[in-house]
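Novice: Show me how the following folds:
(one chain, ligands or ions: 1)
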Amino acid sequence: MVFYRSVSLLSKLSNRAVQQPSLSNSVRWLQIQTSSDLDLRAQLKELIPEQQERLKKIKSEYGKVQLGNITVDMVLGGMRGMIGLLWEISLLDPDEGIRFRGLSIPECQKVLPAAKPGGEPLLEGLLWLLLTGKVPTTEQVNALSKELRTRAIIPDHVYKAINALPITAHSMTQFTTSVMALQVQSEFAKAYESGIHKSKYWEPTFEDSLSLIAQLPVVAAYIYRRIYKNGEVVAADESLDYGANFAHMLGFDSPAMQELMRLYVTIHTDHEGGNVSAHTGHLVASALSDPYLSFAVALNGVVGPLHGLANQEVLLWIKSVVDECGENITKDQLKDYVWKTLNSGKVVPGFGHGVLRKTDPRYMCQREFALKHLPADPLFQLVSKLYEVVPPILTELGKVKNPWPNVDAHSGVLLNYYGLTEARYYTVLFGVSRSIGICSQLNNSLVLL
Ligand code: CMX
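Specialist: Next up is the predicted model:
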């Protein structure tokens with residue numbers, strides 16, 4: 001796997017955060033919104049020239065500054081630990097975990113608009129934050145929600161392309177196929193063909209990105225219903241936000257599942273630029289492949305078992321534990337099962353990470369959700385036991401750099417609890433969410449041109 005570090009360049013150079021607001025700054029932003037601010041495109045139109053100037057300045061003033069030494073281990077490890085690209089929308093600290101434009105997950109939960117007071121953040125708010133570096137107001141989030149709904153239209157040929165695959169094809173194969181079929185309508189591809197000036201690349205990129213983000217839950221839900229629910233499609237509910245509407249189209253209408261989906265799609269959006277999917281999307285886009293093409297390739301990285309497929313693998317593994325030992329498994333039995341997995345040459349899914357060196361905060365916020373909503377669920381209790389049992393065993397192996405759980409160790413049991421039991425579908429949810437980060441960074445990167 002490729003695991004190099006990406007970086008907010010100015011923060012590295014001047015040792016202070018850039019475009020990474022403190023909580024108090026975020027709150028200040030909440031107060032300066034005016035009615036014309038509701039249009040995200042108009043906001044970007046103002047911000048992008050500033051970004052272009054800033055990056056020009058970095059290039060001219062710091063272009064020759066060295067950012068580190070490259071060792072053989074780094075090369076053999078797939079660029080591990082190297083600062084290798086610019087990725088400003090999020091930063092992954094090995095100990096603290098992910099920050100989106102400088103805000104940790106608990107901070108996002110505090111300042112981003114929610115469907116109800118104290119609820120999980122709305123995905124639209126995080127998208128706004130990633131694209132602009134600013135915390136949006138509820139009105140801005142509502143405007144973006146509305147815009148996404150108007151863009152969520154799927155041409156017929158996309159459904160035909162999905163239906164051409166056997167129903168037994170993995171859900172991710174069907175999902176990637178749908179993204180390639182959606183590419184037919186790329187505004188970027190059309191604009192490039194008609195000779196757009198490079199300073200304007202961001203405009204069709206933004207168009208494609210918003211349309212793609214809007215369309216993905218519709219095709220993702222279609223694929224779920226096709227494979228598992230006899231093809232009975234659930235129409236979108238125009239009154240719902242992105243996360244809740246996604247849950248609704250999958251066929252889940254309980255308020256708790258809607259909250260879970262809001263949390264799920266928010267925390268999986270982005271994890272800096274060195275992971276397989278983010279890196280792949282960024283790399284392909286650097287050849288001026290449009291957002292659909294770039295994202296389709298990123299999805300093929302998400303589906304690797306050491307990356308996004310791990311959420312599927314975790315639930316299947318947990319179910320195999322239950323099948324063999326029952327739900328009330330003791331810690332000693334669990335230890336034996338973990339050793340059996342390791343001795344058969346497999347990894348323990350959901351544990352370890354290429355960059356993180358502590359428990360993933362994305363795991364912790366899901367644990368908090370479980371403690372609040374499903375504390376007595378036997379599978380949640382099993383996940384909690386694993387949290388105690390697995391890290392000492394992985395440490396004992398002597399080679400695992402991070403024995404702690406990652407995001408995938410927890411997501412499956414939550415989804416399973418609310419009835420989304422089909423583990424082989426889970427990576428599609430990860431994929432939908434990952435579009436937010438990859439597309440936001442594409443927009444951020446194009447100002448470099
Ligand atoms: N179980 C068993 N062995 C593990 C392990 C785990 N959970 N995590 C790491 N190791 C092993 C590695 O396989 C490697 O062994 P070899 O030297 O024999 O090849 C050794 O420990 C050192 O690996 P590392 O430097 O600690 O970890 P890497 O950066 O190489 O890999 C990761 C990171 C995530 C691929 C790895 O921890 C893993 O395979 N975890 C299980 C799969 C998983 O949960 N993936 C999801 C990650 C989150 C995401 O991207 O979605």
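Novice: From the structure, what's the count of residues near residue 83?
Specialist: Neighbourhood size, residue 83 [other Cβ atoms under 10 Å]: 16. The way it works is simple: take the backbone N, C-alpha and C, and place the C-beta from them, glycine included.
Novice: how's the chain carved up into domains?
Specialist: Residue ranges for the domains of the chain, per automatic domain parsing: 1-305+431-449, 310-417.
Novice: Report how many residues lie close to residue 216.
Specialist: 28.
Novice: For it, which non-adjacent residue is spatially closest?
Specialist: Once flanking residues are discounted, residue 216 sits nearest to residue 432: 4.7 Å by Cβ to Cβ, 6 or more residues apart in numbering.
Novice: Please list all residues in contact with that neighbour.
Specialist: 216-217, 220, 246, 265 (Cβ atoms under 8 Å, 6 or more residues apart in numbering).
Novice: From the residues you listed, pick the one nearest the ligand.
Specialist: Within the contacts of residue 432, proximity to the ligand (Cβ to the nearest ligand atom) peaks at residue 265, which comes in at 14.9 Å.
Novice: Pull the contacting residues for the closest one.
Specialist: Each residue near residue 265 by Cβ under 8 Å, 6+ apart is listed here: 123, 242-243, 246, 429, 432-433, 436.
Novice: Give me the phi and psi angles of it.
Specialist: With angles defined as degrees, to the nearest 10, residue 265 sits at phi -70, psi -30.
Novice: ok, now the one 10 residues further on?
Specialist: Backbone torsions of residue 275, given as degrees, to the nearest 10, read phi -70, psi 160.
Novice: Correct me if wrong: it contacts residue 307.
Specialist: Yes - taking Cβ atoms under 8 Å as the definition, residue 275 is a contact partner of residue 307 at 6.8 Å.
Novice: burial count for the closest residue to the ligand within the stretch 151-300 of the chain?
Specialist: Proximity of the stretch 151-300 of the chain to the ligand (Cβ to the nearest ligand atom) peaks at residue 275, 5.5 Å away. Residues near residue 275, counting by other Cβ under 10 Å, number 26.
Novice: The one 5 residues further on now?
Specialist: Here the neighbour count serves as a burial measure; for residue 280 (other Cβ under 10 Å) it reads 21.
Novice: got a list of what it touches?
Specialist: 297-298, 300-301.
Novice: before we move on, what about residue 377?
Specialist: 370, 413, 417.
Novice: Adding mean pLDDT, write the domains of the chain out as TSV.
Specialist: Shown next, in TSV, are these (pLDDT from 0 to 100):
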stretch	mean pLDDT
domain 1-305+431-449	89
domain 310-417	97
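Novice: The ones you listed into JSON lines, with extra columns for distance to residue 424?
Specialist: What follows is these, written out as JSON lines (distance: least, Cβ to Cβ, whole Å):
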{"stretch": "domain 1-305+431-449", "distance to residue 424": "6"}
{"stretch": "domain 310-417", "distance to residue 424": "6"}
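Novice: What is the neighbour count of the residue nearest to residue 222 when sequence neighbours are not counted?
Specialist: Nearest in space to residue 222, with sequence neighbours left out and distances taken as Cβ to Cβ, 6+ apart, is residue 233 at 6.1 Å. Neighbour count of residue 233, defined by other Cβ under 10 Å: 15.
Novice: What of the one 4 residues further on?
Specialist: Burial measure for residue 237: 14 neighbouring residues, criterion other Cβ under 10 Å.
Novice: Grab the nearest non-local neighbour of it.
Specialist: Nearest one to residue 237, counting by Cβ to Cβ, 6+ apart, is residue 248 at 5.0 Å.
Novice: So what does residue 329 look like in phi/psi?
Specialist: Backbone phi and psi, for residue 329 under degrees, to the nearest 10, turn out to be phi -60, psi 140.
Novice: do residue 365 as well
Specialist: Here residue 365 shows phi and psi, under degrees, to the nearest 10, equal to phi -70, psi -30.
Novice: roughly how far apart are the residue positioned nearest the centre of the chain and residue 322?
Specialist: By Cα atoms, centre = their mean, the chain has its centre lying nearest to residue 269, at 2.3 Å. Distance of residue 269 to residue 322, computed by Cβ to Cβ, to the nearest Å: 31 Å.
Novice: for residue 63, same thing?
Specialist: For residue 63, the distance to residue 322 - Cβ to Cβ - is 57 Å.
Novice: Of these two, which one has the most company?
Specialist: residue 322 (14 against 7).
Novice: I figured that one was touching residue 385, is that so?
Specialist: No - in this structure residue 322 lies outside contact range of residue 385 using Cβ under 8 Å: 11.8 Å.
Novice: Give me the common contacts of the two.
Specialist: Contacts common to residue 322 and residue 385, judged by Cβ under 8 Å, 6+ apart, are residue 329.
Novice: got the end-to-end distance for stretch 89-102?
Specialist: This stretch, stretch 89-102, spans 8 Å end to end (Cα to Cα, to the nearest Å).
Novice: Closest residue of the chain to the ligand?
Specialist: For the chain, Cβ to the nearest ligand atom, closest residue to the ligand: residue 352, 2.1 Å.
Novice: Please name the residues that touch the residue nearest to the centre of the chain.
Specialist: 100, 123, 126-127, 130, 433-434, 436-437, 440.
Novice: biggest separation within these, which pair?
Specialist: Of all pairs drawn from the contacts of residue 269, the one with the longest distance (Cβ to Cβ) is 100 and 434, at 13.4 Å.
Novice: Overlap in contacts, these two.
Specialist: 269-270.
Novice: what helix or strand is the spatially closest residue to residue 179 that is not a sequence neighbour on?
Specialist: In space, residue 179 comes closest to residue 296 once its chain neighbours are excluded; the distance is 4.3 Å by Cβ to Cβ, 6+ apart. Element membership for residue 296 (DSSP states H and E) is helix 291-302.
Novice: Now that helix: buried residues?
Specialist: Within helix 291-302, the residues scored as buried using 16 or more other Cβ atoms under 10 Å are 291-299, 301-302.
Novice: interface residues of the chain facing the ligand?
Specialist: Within the chain, the positions adjacent to the ligand are 1, 3, 275, 306-308, 310, 342, 347-354, 394, 399-402, 406, 408 by Cβ under 6 Å from any ligand atom.
Novice: Buried ones among these?
Specialist: Buried among the residues of the chain next to the ligand (16+ other Cβ under 10 Å): 3, 275, 307-308, 310, 342, 347-354, 394, 400, 402, 406, 408.
Novice: Provide the backbone phi and psi angles at residue 417.
Specialist: The phi/psi pair for residue 417 (degrees, to the nearest 10) is phi -60, psi -40.
Novice: check contacts around it.
Specialist: 374, 377, 379-380.
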